[in-house]
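>>> Sequence unavailable; structure follows:
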């Protein structure tokens with residue numbers, strides 16, 4: 001494939017991903033809030049029954065925003081289990097995530113994207129390689145049964161997951177689960193398992 005053809009393929013793939021993002025955002029936002037609450041509680045309760053959660057000494061999790069699968073109860077349950085909770089702060093220019101150990105959901109800052117983030121406190125900054133068995137909780141607009149995810153386009157988790165030393169878990173309502181996403185990029189990294197309200201999917 002020549003340079004022009006490769007560039008055209010990238011543009012076409014990006015356009016299709018944007019269409020998919022709009023489609024799954026609309027699907028997600030159409031789920032009534034009371035239904036989301038019940039589904040999300042089931043997902044969170046399932047996560048804490050995972051053997052990967054049981055052995056984890058730290059959980060690197062997103063803090064849910066808007067209509068994302070909720071993580072606030074999961075965070076509380078993780079603290080209750082005596083594990084470290086690390087929350088991300090987006091470094092937009094570097095397309096990277098910085099992680100901070102938090103023991104309370106207070107003193108959070110609102111990012112330019114509207115999300116709540118921990119303050120950039122060097123005394124709280126941690127990294128997954130500083131723990132024996134870290135677990136990552138990964139957001140997504142959609143997942144497929146092979147573990148691939150449709151993200152929001154920022155590339156933060158695409159940069160984070162390849163070097164993450166532990167297991168990664170995607171949280172996904174069944175309405176946002178497909179057999180196979182039609183568009184994948186070469187840098188896309190699948191999660192190790194997916195938790196829905198109907199159970200756990202372990203891609204082969």
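The structure has been received and is ready for your questions. Everything numeric here is computed off the predicted structure, so don't read it as measured data. Numbering: from 1, shown residues only.
>>> Assumed residue 162 was part of a helix.
Yes - membership of residue 162 in a helix is supported by DSSP: H, G, I helix; E, B strand; the rest coil.
>>> any chance you could map the strands in the protein?
58-61, 84-91, 96-102, 109-110, 116-117, 125-126, 134-138, 142-144, 149-150, 167-171, 177-178, 193-196, 199-201 (DSSP state E).
>>> can you list the ones you listed in TSV and add mean pLDDT and mean neighbour count?
C-beta: built from backbone N, CA, C; applies to glycine. Output for the strands of the chain, formatted as TSV (pLDDT from 0 to 100; neighbours: other CB atoms under 10 Å):
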stretch	mean pLDDT	mean neighbour count
strand 58-61	98	25
strand 84-91	96	20
strand 96-102	96	19
strand 109-110	92	10
strand 116-117	94	16
strand 125-126	98	16
strand 134-138	98	25
strand 142-144	97	24
strand 149-150	96	24
strand 167-171	98	24
strand 177-178	96	16
strand 193-196	98	22
strand 199-201	98	14
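>>> closest to residue 32 out of those?
Checking these against residue 32 by CB to CB gives strand 193-196 as the closest, at 17.6 Å.
>>> Please pull out the lowest mean pLDDT helix or strand from the chain.
helix 3-30 (a mean of 69; mean pLDDT, DSSP states H and E).
>>> how about the strands of the chain in TSV, adding distance to residue 160?
Below are the strands of the chain laid out as TSV (distance: least, CB to CB, whole Å):
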stretch	distance to residue 160
strand 58-61	9
strand 84-91	8
strand 96-102	5
strand 109-110	20
strand 116-117	15
strand 125-126	13
strand 134-138	8
strand 142-144	16
strand 149-150	12
strand 167-171	9
strand 177-178	22
strand 193-196	17
strand 199-201	21
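>>> So for residue 45, which of the ones you listed sits nearest?
Per CB to CB, nearest to residue 45 of those: strand 193-196, 9.7 Å.
>>> For that closest one, which helices and strands make contact with it?
Applying 3 or more CB pairs under 8 Å, 6 or more residues apart in numbering; DSSP states H and E, one finds that strand 193-196 contacts helix 33-47, strand 167-171, strand 199-201.
>>> Walk me through which strands the shortest one pairs with, and which way each runs.
Paired with strand 199-201 in the same sheet, following DSSP bridges, are strand 193-196 (antiparallel).
>>> try the second one
According to DSSP bridges, strand 167-171 has the following sheet partners: strand 134-138 (parallel), strand 193-196 (parallel).
>>> With distance to residue 171 as new columns, can those be given to me in a markdown table?
Formatted as a markdown table, the strands paired with strand 167-171 follow (distance: least, CB to CB, whole Å):
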| stretch | distance to residue 171 |
| --- | --- |
| strand 134-138 | 6 |
| strand 193-196 | 6 |
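>>> Can you check which of these gets nearest to residue 80?
Closest to residue 80 of these, according to CB to CB: strand 134-138, at 15.4 Å.
>>> The closest one versus strand 96-102: what angle between them?
120 degrees (axes from the mean of the first three to the mean of the last three CA atoms, to 10 degrees).
>>> So which residues make contact with strand 134-138?
If you take CB atoms under 8 Å, 6 or more residues apart in numbering as the criterion, strand 134-138 is touched by 47, 52-53, 56-62, 71, 74, 128, 149, 157, 160-161, 164-171, 191.
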